[in-house]
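> Predicted model, plus sequence, below.
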Amino acid sequence: MKSRFLLLLLVLLPIPVPAQSAPETGKPFVIEYYYKTKWGHADEFLQLFKKNHYPLLKKEVEMGRMIKVWMDQPRYHTTEDGRWDYRVTIVFKNSTVANEPFEEDTLKKQLWPDQATYAKEEQRRFEILDAHWDLPVKTVDLEQK
């Protein structure tokens, strides 16, 4: 009887679980965006990205929301399951800015007055992708004891 009571008590009482630490809001926050295109469409993707997405990112850098944006591509190819064609790295001002809602529609209308063409080209940019993923990253201090 005593053991049943203890078991019931353990089940009903909340057990404190340590919270995960949030990223420091004052430090820059980095996210890598990976794009894997369908074979033969990497150049088309890059052209559409430079025309219809990069100007928006540059505008957000000018506004101070982001610190820096750049794109990398692998020099050599790898296995298909690990293949990616482009990695866009965005350094946000801080984690709060990176995670808070941001209304881009006004900027998009300013940058691309022909919204019908913009929407069609953006749809095409994502149609030619096989995969896309976002990866927040943090720097590991190898000198810290």
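Happy to help now that I have it. Everything numeric here is computed off the predicted structure, so don't read it as measured data. Numbers count the residues shown, from 1 in each chain.
> what ranges of the protein fall below the confidence cut-off?
Counting by pLDDT under 70, the low-confidence segments of the chain come to 1-25.
> quick one, strands of it?
Secondary structure of the chain by DSSP state E: the strands cover 29-37, 66-72, 86-92, 129-137.
> could you point out the longest helix in this protein?
Counting by DSSP state H, the longest helix found in the chain is helix 115-127.
> got the contact list for that helix?
Contact with helix 115-127 is made by 44-45, 48-49, 51-53, 108-109, 112, 132, as judged by C-beta atoms under 8 Å, 6 or more residues apart in numbering. (C-beta placed from N, C-alpha, C; glycine too.)
> one more time with 6 Å, if that's ok
48, 52, 112 (C-beta atoms under 6 Å, 6 or more residues apart in numbering).
> Help me confirm that P55 comes into contact with L111.
Yes - using C-beta atoms under 6 Å, P55 is in contact with L111, at 5.3 Å.
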